[in-house]
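Colleague: For reference, the sequence and a predicted model appear below.
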Amino acid sequence: IFLITVFWSSIVFSSCTEKETVTANTRQDILIRHKWKHYQTRTVTIDTTTNIIIKDTVAQTEICYQNSLFVFAADSIVKRTLQCFTPASNNEGRWYLKADSTFAAPILVRTSYGTGWIYTDFGLPYGKMILLTEIEFSVTAISTFNFGNTKSYHTYFLKATN
């Protein structure tokens, strides 16, 4: 009887292991798992001669752009439905995130149909990505439009909507 009890106990207790769902938490996995809205931008302008901050502003993103969500796919495609246009347009580009946190997600949209071809980038610029939490990240980019002895740093803040 003792051996039968030990045998059945071992079967019962070995079959009662808890199965865990493991969710990967790499930065890429977190980007792919959510839809993201760009809700705020901070711009810091510095005098490069004196290293003094000239201007430091925080601006809320317009509602139509906040509602134009970013969707990152595993195949490096980034999609955004631009709600600021009538009718809303679906646009896509390619995104990447390197090990050193270099990030970019450009979405080039042709905005001029006159005599020339003018494209506007409605994506996220080349910069450094910082994962703030599971549902919030930022991208800091240096402005390429500097005048004189100034340099501007733009930090784009995004948060998950789902």
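Modeller: Arrived safely.
Colleague: what about residue 71, which helix or strand?
Modeller: In the assignment (DSSP states H and E), residue 71 maps to strand 70-72.
Colleague: which stretches of the protein aren't confidently modelled?
Modeller: 1-24, 144-147 (pLDDT under 70).
Colleague: Show me the longest strand that occurs in it.
Modeller: Using DSSP state E, we find that the single longest strand of the chain is strand 35-47.
Colleague: Quick one: distance of that one to the chain centre.
Modeller: Its chain's C-alpha centre and that of strand 35-47 lie 12 Å apart, by CA atoms, centre = their mean, to the nearest Å.
Colleague: Using CSV, list the CA coordinates for it.
Modeller: The C-alpha trace of strand 35-47 is given here as CSV (Å, rounded to 0.1, in the frame of the first residue of the first chain):
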residue,chain,number,x,y,z
LYS,A,35,0.0,50.8,-30.9
TRP,A,36,1.7,54.1,-30.1
LYS,A,37,0.7,57.7,-30.1
HIS,A,38,3.1,60.7,-30.1
TYR,A,39,1.7,63.0,-27.5
GLN,A,40,4.5,65.5,-26.6
THR,A,41,7.8,66.9,-27.9
ARG,A,42,10.5,68.7,-26.0
THR,A,43,12.9,71.0,-27.8
VAL,A,44,16.1,72.2,-26.2
THR,A,45,18.2,74.7,-28.2
ILE,A,46,21.8,75.2,-27.2
ASP,A,47,24.3,77.9,-28.1
